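Asker: When you get a sec, could you give me coordinates for this:
(chains A and B)
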Amino acid sequence: MSQQASTLFDKVWDAHVVRKINDGPDVLFIDRHFIHEVTSPVAFLGLEQRGIGVMFPERTFATADHNTPTINQDQPVKDPLSANQLKALETNTAKYGISHWGLNNPKNGIVHVVGPENGITLPGMSIVCGDSHTSTHGAFGAIAFGIGTSEVEMVLSSQCIMQPKPKKMRISVNGQLHKGVLPKDVVLYIISKLTAAGATGYFVEYAGSVFENMSMEGRMTVCNMSIEMGARGGMVAPDETTFNYINGRDKAPKGEAWDKALAYWKTLKTDEDAVFDKEYHFDAADIEPMITYGTNPGMGMGISGSIPTAEAIGSGQASFDKAMNYMGFHQGDAMKGKKVDYVFVGSCTNGRIEDFRAFASIVKGRKKADHVTAWIVPGSHIVEQQIREEGILDILTEAGFQLRQPGCSACLAMNDDKIPAGKYAVSTSNRNFEGRQGPGARTLLASPLVAAAAAVTGVVTDPRELLVEVN
Amino acid sequence: MAYDKFTVLTSTAVPLPIENVDTDQIIPARFLKATERKGFGDNLFRDWRYNSDDTPKQDFVLNNPIYSGKILVAGKNFGSGSSREHAAWAIYDYGFRCVISSFFADIFKGNSLNIGILPVTVSADFLDKIFKAIEADPKTEITVDLPSQTVTIQATGERESFEINGYKKHNMMNGFDDIDYLQAMKNEIAAFAETTPY
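Answerer: Numbers count the residues shown, from 1 in each chain, chains lettered A, B, ... in the order given. Reported below is the predicted structural model:
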């Protein structure tokens, strides 16, 4: 074993350490900082109170997404508190000269969708945002993770944060995925095996043929949910798929700068002899379309199975019973056939063009079930445009679905897109916590294919049954 | 933002023996619309604490006058989910200065330390002992001693040590925060920025 062998994570982390504090955290330099309206106002207030400014305004990018309506965005925002937050973001960014893609800006959308699609997110970067799903950007071979508001203030004022270096975990998935199994199923499967806290304290590298063959959209879905097993972040080594995705995007390097960047990015991979603190190996053939049945993302199962026991998933009985009581389910229940009231397609997890293509592949030529309310929310205006250009909007309209405007929407239900108490929602988002999608709402996390199958049948349905009919 | 220094805290404790308490339970997203850091304690554990008509849920521990204190004792994997610092603000604003659990989510732990709440990780066995001691006598006191890094159940004298890095310990004991530290090294940061490829 070579002394020098290091992991992709080590290479990127170590390149950003400004100072190591003895018996303390590393001072880490941040290349890109994303902010939004909900977790930034108190940080800007902190700057004012201390009388300090923004050190590198050109390294911070703002978008409004968490607390925005997904209809009538051209009209004034009705909720005064939400309007106030959006106004604060506009005022604060203008004051310090920070780029701001607010409502109605053609670049507006969910922060973890617009960063990559505009070439702001690049391999080898350190990226933070006051949002736990910042792990999404790890799909590009960047170190990206969520931070709190105190840390947002640190990054604004000094472009650094202080972090103890996490331990390293590698999760390898090799083999051929079955038809109808999407990246969302892969990550829900991994979380169901590791539990919702199984990767706490670690930074994950995803490796193996399944991720090598995955699109950038798919890798983003996987890295996005790293936090749902407790990991600080997840990353995939950049390769031709990554470079092809970035090439030509708005803020990506061009010309000579591109050549130079590319040469660097090609060095960003884990050395053969590098050692991880923990390794997991999974077989792609074992994964089927997944669905969650409980109140944390680790409570997921193959869609053809039945709800396991508390013991089988390593949960305390009281916490398990509390979850079952909230969901109105029982251990041993089959999930297939359970009635679905709402379907939500969107979020930073599954709000990209591939997700709407997958959804459309099943709803095409079918009709939305009458009793299902569906909220179809693109991750950005650029995604919305793609949906139109590719004819997906026509398919959706024909099947009885309406397309809404971009934003985080029902993923966290800060705006009016709340699932009513007691109702069941099949959701392509990332969290099934109690009340996450509205007080009393019951969330079943799944892929866009499972969401589509539920939307047209009105019950939890294995999408493979519908794919067979079409093909 | 400056916070109170933390050295030795002796207090009764509020038990919350539930696993995987996520930050959406600590403070639901619909209460994150403020642009200032105030009043979050009113909505701490909102949907466990109040019915939909805003009447208190009698079976929730914060509504039980038997339990009070500056220490919250919670089941494993406390603070999972969202990075919202509002969760830590709500706990602080309600009056807690310390959370004891057998396992914390990373971001919550960092947020707590940054605003002056001490997250104390104890073994699953010791956590169980604390829950049992509180169950036996809700007025039992717990002492969290930061300088010596120990937690003691006063009723039984049982004690366990906990870990915290030297830098954060120093900050907590003196009420210092990271922003002060970083402001003092801005020249070093500016020089570093010159060397980065982005």
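Asker: can you give me the strands in chain B?
Answerer: Per DSSP state E, chain B carries strands over the ranges B:8-11, B:13-16, B:71-74, B:98-101, B:118-121, B:142-145, B:150-153, B:159-161.
Asker: Out of the ones you listed, which is closest to B:Glu85?
Answerer: Nearest of the strands of chain B to B:Glu85, taken as C-beta to C-beta: strand B:118-121 at 13.5 Å. For glycine as for every other residue, the C-beta is placed from the backbone atoms N, C-alpha and C.
Asker: ok, B:Ser68 touching B:Thr12?
Answerer: Yes: contact status for B:Ser68 versus B:Thr12: in contact at 5.9 Å, counting by C-beta atoms under 8 Å.
Asker: of these two, who's got more company?
Answerer: B:Thr12 (18 against 14; other C-beta atoms under 10 Å in any protein chain shown).
Asker: What's the separation between that one and chain A?
Answerer: 23 Å (C-beta to the nearest C-beta, to the nearest Å).
Asker: Quick check: closest non-adjacent residue to that residue.
Answerer: Excluding the flanking residues, the one nearest B:Thr12 by C-beta to C-beta, 6 or more residues apart in numbering or on different chains is B:Gly69, at 3.6 Å.
Asker: For the one you found, give me the pLDDT.
Answerer: At B:Gly69, the model reports a pLDDT of 98.
Asker: contacting residues for A:Ser126?
Answerer: A:Val12, A:Trp13, A:His16, A:Leu28, A:Phe29, A:Ile30, A:Asp31, A:Arg32, A:Ala142, A:Ile143, A:Ala144 (C-beta atoms under 8 Å, 6 or more residues apart in numbering or on different chains).
Asker: next one: A:Pro463
Answerer: A:Gly180, A:Pro289, A:Ile362, A:Ser447, A:Leu449, A:Val450, A:Ala452, A:Ala453 are the contacts of A:Pro463 under C-beta under 8 Å, 6+ apart.
Asker: Where does pLDDT dip in the stretch 1-150 of chain A?
Answerer: For the stretch 1-150 of chain A, applying pLDDT under 70 flags the ranges A:1-3.
Asker: contacting residues around the residue of it found nearest chain B?
Answerer: Closest residue of the stretch 1-150 of chain A to chain B, C-beta to the nearest C-beta: A:Gly24 (2.7 Å). By C-beta under 8 Å, 6+ apart, the residues touching A:Gly24 are A:Met162, A:Pro164, B:Asn165, B:Gly166, B:Tyr167, B:Lys168.
Asker: Quick check: the gap between the last one and B:Gln58.
Answerer: The span separating B:Lys168 from B:Gln58 equals 38 Å under the rule C-beta to C-beta, to the nearest Å.
Asker: cool, and the second one?
Answerer: Here the criterion is C-beta to C-beta. By it, A:Pro164 lies 42 Å from B:Gln58.
Asker: What of the third one?
Answerer: The span separating B:Asn165 from B:Gln58 equals 41 Å under the rule C-beta to C-beta.
Asker: Out of these two, name the residue with the larger neighbour count.
Answerer: B:Asn165 (15 against 8).
Asker: Need the per-residue pLDDT for the nearest residue to A:Asn118 once chain neighbours are set aside.
Answerer: Leaving aside its sequence neighbours, A:Asn118 sits nearest to A:Asp250 (C-beta to C-beta, 6+ apart; 4.6 Å). At A:Asp250, the model reports a pLDDT of 97.
Asker: Can you report phi and psi for A:Val17?
Answerer: phi -80, psi 110 (degrees, to the nearest 10).
Asker: ok, now which ones touch the residue nearest to it when sequence neighbours are not counted?
Answerer: Nearest non-adjacent residue to A:Val17, counting by C-beta to C-beta, 6+ apart: A:Asp26, 4.8 Å away. Counting by C-beta under 8 Å, 6+ apart, A:Asp26 touches A:Trp13, A:Val17, A:Arg19, A:Lys20, A:Met162, A:Gln163, A:Pro164, A:Lys165.
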